[in-house]
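>>> Structure of the sequence below:
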Amino acid sequence: MKLLRVVMFGVIFDLLIAVQAGLAGAEPIVLDGLIEPSMIVNVGSSVAGILKTVDAERGGMIKKGQVLARLHSGVERASMELARFRTEMKAAIKEKQAQVDFSVRRQKRYEELYNKKVIPFEEMDEARTNSKLTLIALEEARESIRLAELELKRSIEVIKRMTIYSPIAGVVMERFLFPGEYVEDQPVLKLAQIHPLYVEIFAPVKLLGTIKIGMHAEVTPEKPVERVYKARVKIVDQIVDAASGTFGVRLELPNPEYGLPAGLKCTVTFHK
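The predicted structure follows:
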């Protein structure tokens with residue numbers, strides 16, 4: 001009985017060794033792919049106008065929030081300065097406040113005289129009315145200041161819209177317009193985000209369920225690049241292309257130093 005157990009244990013052990021050897025020797029999955037920018041953006045102006053400057057050239061590196069171009073904004077800046085000046089006009093409020101103080105004192109005197117029956121009701125009523133009117137005039141002056149402040153904010157936003165900022169960090173792919181040209185609804189620059197990069201592959205349908213989101217793979221770009229990069233599966237399409245019998249897979253490849261250009265063909269290796 002002990003001998004039988006020893007033999008069975010030996011058989012099971014041999015089977016485990018064989019399975020492990022088979023797994024270790026499993027062929028990796030190698031697929032062709034294409035390295036692409038993770039985002040391509042056509043940047044234009046939200047308002048129509050004449051370009052004053054374009055501060056980016058094809059192939060230039062850009063940062064997120066960087067000024068790329070400006071439109072002529074002389075009239076708009078003059079309107080902004082006018083609104084700013086109106087917000088600082090305190091003399092009108094001081095004048096109206098002085099009139100309010102005077103009318104209040106005058107009303108108080110007329111109230112006392114009326115209580116002593118020195119003046120008729122009409123004069124006392126006129127003093128009350130004048131006091132109310134001066135208060136209304138003071139409030140109108142304050143509202144004018146608030147209106148000027150809102151106008152200033154609007155003018156500042158108009159100026160901001162006449163400045164084109166980069167929505168991403170990356171590289172300029174193409175420049176369409178130059179200073180002096182009219183821009184309305186066409187792009188000024190085309191930008192590409194190359195950190196991270198995306199690796200697009202089409203896998204045969206037999207691998208459906210084998211390649212999963214989160215899996216890691218090795219990306220080997222075509223020559224002259226001689227380096228292997230690590231990437232992670234980001235998207236696995238759930239719709240198979242019936243004509244080709246393939247489904248799409250996207251991997252995310254970090255490229256913080258911008259050392260790897262987009263547009264290269266590559267091979268993607270998944271190790272089982």
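>>> Using the three-state scheme, assign S46.
coil (DSSP: H, G, I helix; E, B strand; the rest coil).
>>> What about it, how many residues nearby?
8 (other C-beta atoms under 10 Å). Bear in mind the C-beta positions are built from the backbone N, C-alpha and C, glycine included.
>>> That one is in contact with K160, isn't it?
No - the criterion here is C-beta atoms under 8 Å, and S46 misses it with K160 at 9.5 Å.
>>> I would like the residues contacting stretch 249-258, please.
31, 33, 35, 38, 61, 171, 194-203, 211, 217, 219, 229-237, 260, 268 (C-beta atoms under 8 Å, 6 or more residues apart in numbering).
>>> From the contact counts, what lies against the helix of greatest length in the chain?
Longest helix in the chain, counting residues (DSSP state H): helix 121-161. Using 3 or more C-beta pairs under 8 Å, 6 or more residues apart in numbering; DSSP states H and E, the elements in contact with helix 121-161 are helix 74-87, helix 91-115.
>>> Now find how far off-centre the first one is within its chain.
Offset of helix 74-87 from its chain centre (C-alpha atoms, centre = their mean, to the nearest Å): 28 Å.
>>> avg pLDDT for that helix?
Averaged across helix 74-87, the pLDDT comes to 80.
>>> Which positions in that helix come out as buried?
Buried residues in helix 74-87, defined by neighbour count with 16 or more other C-beta atoms under 10 Å: 76, 79-80, 83, 86-87.
>>> tilt between it and helix 121-161?
150 degrees (axes from the mean of the first three to the mean of the last three C-alpha atoms, to 10 degrees).
>>> what comes up buried for stretch 232-240?
For stretch 232-240, using 16+ other C-beta under 10 Å, the buried residues are 233-234, 236.
>>> Over to stretch 103-117?
For stretch 103-117, using 16+ other C-beta under 10 Å, the buried residues are 103, 106-107, 110, 114.
>>> what does stretch 29-38 give?
Residues of stretch 29-38 classed as buried by neighbour count (16+ other C-beta under 10 Å): 29, 31, 33, 35-38.
>>> Can you pull the phi/psi pair for E226?
Here is the backbone geometry of E226 (degrees, to the nearest 10): phi -120, psi 70.
>>> How about T269?
When read as degrees, to the nearest 10, the backbone of T269 gives phi -120, psi 120.
>>> Mind listing the residues bridging to the nearest residue to it once chain neighbours are set aside?
Closest residue to T269 apart from its sequence neighbours, by C-beta to C-beta, 6 or more residues apart in numbering: E218 at 4.5 Å. Residues in a beta bridge with E218, per DSSP bridges, are K230, T269.
>>> Could I get the contacting residues of E218?
Here E218 is in contact with 228-231, 268-269, 271 (C-beta under 8 Å, 6+ apart).
>>> Have a look at those and tell me the least confident one.
For those, the weakest pLDDT value sits at H271, with 87.
>>> quick one: contacts for that one?
Contacts for H271 (C-beta under 8 Å, 6+ apart) come out as 28, 217-218.
>>> circling back to that earlier point, just the buried members of the contacts of E218?
By 16+ other C-beta under 10 Å, the contacts of E218 give 229, 231, 268 as buried.
>>> Quick check: end-to-end length of stretch 253-266?
12 Å (C-alpha to C-alpha, to the nearest Å).
>>> before we move on, back to that, sitting in strands, which of the contacts of stretch 249-258 do you find?
If you go by DSSP state E, those have 31, 33, 35, 38, 61, 171, 194-203, 217, 219, 229-236, 268 in strands.
>>> For the residue nearest the centre of the chain, which non-adjacent residue is spatially closest?
For the chain, the residue nearest the mean C-alpha position is P167 (5.3 Å; C-alpha atoms, centre = their mean). Excluding the flanking residues, the one nearest P167 by C-beta to C-beta, 6+ apart is V41, at 6.0 Å.
>>> Tell me the spacing between S244 and Y182.
45 Å (C-beta to C-beta, to the nearest Å).
>>> Which strand or helix spans F178?
Per DSSP states H and E: F178 is located in neither a helix nor a strand.
>>> OK, contacts around it?
By C-beta under 8 Å, 6+ apart, F178 lies in contact with 51, 54.
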